[in-house]
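Got a sequence here, can you model it:
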Amino acid sequence: MKKAYLEITMNVAATDRPKAGAVYSKYKEPFLSSIPGAESKDLLLREEDVQVLHGFDSQASAENYLKSELFGNDVVRELKPYLSADPEIRIYERQ
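Numbering: from 1, shown residues only. Predicted coordinates:
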């Protein structure tokens, strides 16, 4: 069965990481319960950046999430003040 991962890498200042983490926590449950095909969501804090790794049942589900109201109207809007550059967005498909 195919699976897909959506990786969003963000440049967030160390002082803003707790606030960005709070946005992740706030939207984890709504993501898992309301986005079709969503299977997991993990926060990866690295010294150089912050990554959120989303697991989906297919690449199409990952692409649809990027077009969803939850992503565009809520998550992006709340994270925007903490970003020092545009996020890097990648989708990987596993066979």
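
list the helices and strands the top helix by length along the chain packs on?
Longest helix in the chain by number of residues (criterion: DSSP state H): helix 17-34. Here helix 17-34 touches strand 38-45, strand 50-56, helix 76-79, going by 3 or more C-beta pairs under 8 Å, 6 or more residues apart in numbering; DSSP states H and E. Every residue, glycine included, has its C-beta placed from N, CA and C.

Would you mind finding the most buried of the ones you listed?
strand 50-56 (a mean of 20; mean count of other C-beta atoms under 10 Å).

Which neighbouring elements make contact with the very next helix or strand once past it?
Toward the C-terminus, strand 50-56 is succeeded by helix 59-66 as the next helix or strand (DSSP states H and E). Contact analysis of helix 59-66 by 3+ C-beta pairs under 8 Å, 6+ apart lists strand 3-10, strand 50-56, strand 88-94 as its packing neighbours.

For these, give me JSON lines that also has mean pLDDT.
JSON lines is the format used below for those (pLDDT from 0 to 100):
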{"stretch": "strand 3-10", "mean pLDDT": "96"}
{"stretch": "strand 50-56", "mean pLDDT": "95"}
{"stretch": "strand 88-94", "mean pLDDT": "94"}
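
just for this structure, where's the confidence low?
Along the chain, the model assigns pLDDT under 70 to residues 1.

again, 90 this time
Along the chain, segments meeting pLDDT under 90 span 1-2, 45-49, 94-95.

and the helices and strands packed on helix 17-34 as JSON lines, adding distance to residue 24?
Output for these, formatted as JSON lines (distance: least, C-beta to C-beta, whole Å):
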{"stretch": "strand 38-45", "distance to residue 24": "5"}
{"stretch": "strand 50-56", "distance to residue 24": "6"}
{"stretch": "helix 76-79", "distance to residue 24": "9"}
